[in-house]
Structures are given as C-alpha cells and as structure tokens.
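1. Quick one, structure for this:
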Amino acid sequence: MAVTTQQESLNLEGARIAIAAAEAKAQSMGLGMNIAVVDASTHLLHFSRMPGAKITSISIALDKAFTAAGHRVGTHTYKEAVWPGGVAYGLGNTNGGRFTTFGGGLPIVNARGEVVGGIGASTGTPAQDQEVVQAGKDAIEKWNRSFAQFLHLALIA
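-> The predicted structure follows:
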C-alpha cells in the first residue's frame, strides 16, 4: 500500500513572480532568455521565451529547472565533479539525459529551507544564466517571509 504525504510546492502565482524578476535581470543584461519554473515535483509551472532567446535553449532551461528542483541543489555545483575521473562522471546521462551539470538552475526554497520548486534559464553563458535565475530565486524567496500565498500542499504518493 502506497503512503501518501503532503509537501509544500510553489504555485503559478509564485512562478510568475520568479519569471518576472528573471526576465527583468535578463533585459538589464541585454539578453533574451528562455526561463522555466517547476514545482517541487519537477512539473512545469511557467515558461517564458523572451525575444532573442535561442530555440535550442528551450529544453536546456526546462532541464535546468528540473535538475535544480529534483536534486535540490544548483546545477552549477556539479561543475568539477562531472569531468572524466570526477566523483559524478556520467551524471549528466541520467534521467533520460535531462540531468544538467552546468550553471543556470537553482532550487527555490520556503522559509524552512525545503525545496518547493526550481528555476532554470538558458541562452547566455552558464554564468549569465546563473545571474538570471538568481534574480528569480531572490524575488520569490523575498516573498518567502509571507510565502504561504505562493505555495500549495501537494499530495505525493
């Protein structure tokens, strides 16, 4: 018999706040970006493709958000570990090739430090993508002080 638990997860309103802040950051950098926000279960909540964003970066942004929420750490943390001989070599080939190991994906956490979603961006360099998602993460976590309005309880089987 499956056990069902409740988990807080980001909602659409929260995702929109994160996307708006990430878009503003990308615009200030003169970049068009693909930006994705997923919930705690790695399901897409909101996506933005800004003018000038690379078509080939759409799936990369989605996969960065997926990786950040699902593995509960920023995608940039794998940089050294995934090279040949590294402790996580080959990790990028897992999850149907969706596991992303370069910068531009961050988990979104609630006031208790629990992962409630993830944000990913792609079109720039990994460092530029990282700046963009940091702005989105900061915007929603700023609201984290009264975060309940941007979360809902999800049943996880």
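2. Centroid-nearest residue for the chain?
-> A centroid search over the chain (C-alpha atoms, centre = their mean) returns Ile119, at 2.0 Å, as the residue closest to the centre.
3. Please name the residues that touch that one.
-> Neighbouring residues of Ile119 by C-beta atoms under 8 Å, 6 or more residues apart in numbering: 18, 22, 35-38, 65, 68, 105-106, 108, 133, 136-137. Placement of C-beta: from N, CA and C, glycine included.
4. Just the mean pLDDT for the helix or strand where it lies, thanks.
-> Applying DSSP states H and E as the criterion places Ile119 in strand 115-122. For strand 115-122, the mean pLDDT works out to 96.
5. Give the bridge partners for the residue nearest to the centre of the chain, please.
-> Val37, Leu106 (DSSP bridges).
6. In the strand holding Ile119, which residues are buried?
-> 115-122 (16 or more other C-beta atoms under 10 Å).
7. Turn those into JSON lines, including distance to Thr5.
-> Shown next, in JSON lines, are these (distance: C-beta to C-beta, whole Å):
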{"residue": "Val115", "distance to Thr5": "14"}
{"residue": "Val116", "distance to Thr5": "14"}
{"residue": "Gly117", "distance to Thr5": "17"}
{"residue": "Gly118", "distance to Thr5": "19"}
{"residue": "Ile119", "distance to Thr5": "24"}
{"residue": "Gly120", "distance to Thr5": "26"}
{"residue": "Ala121", "distance to Thr5": "30"}
{"residue": "Ser122", "distance to Thr5": "32"}
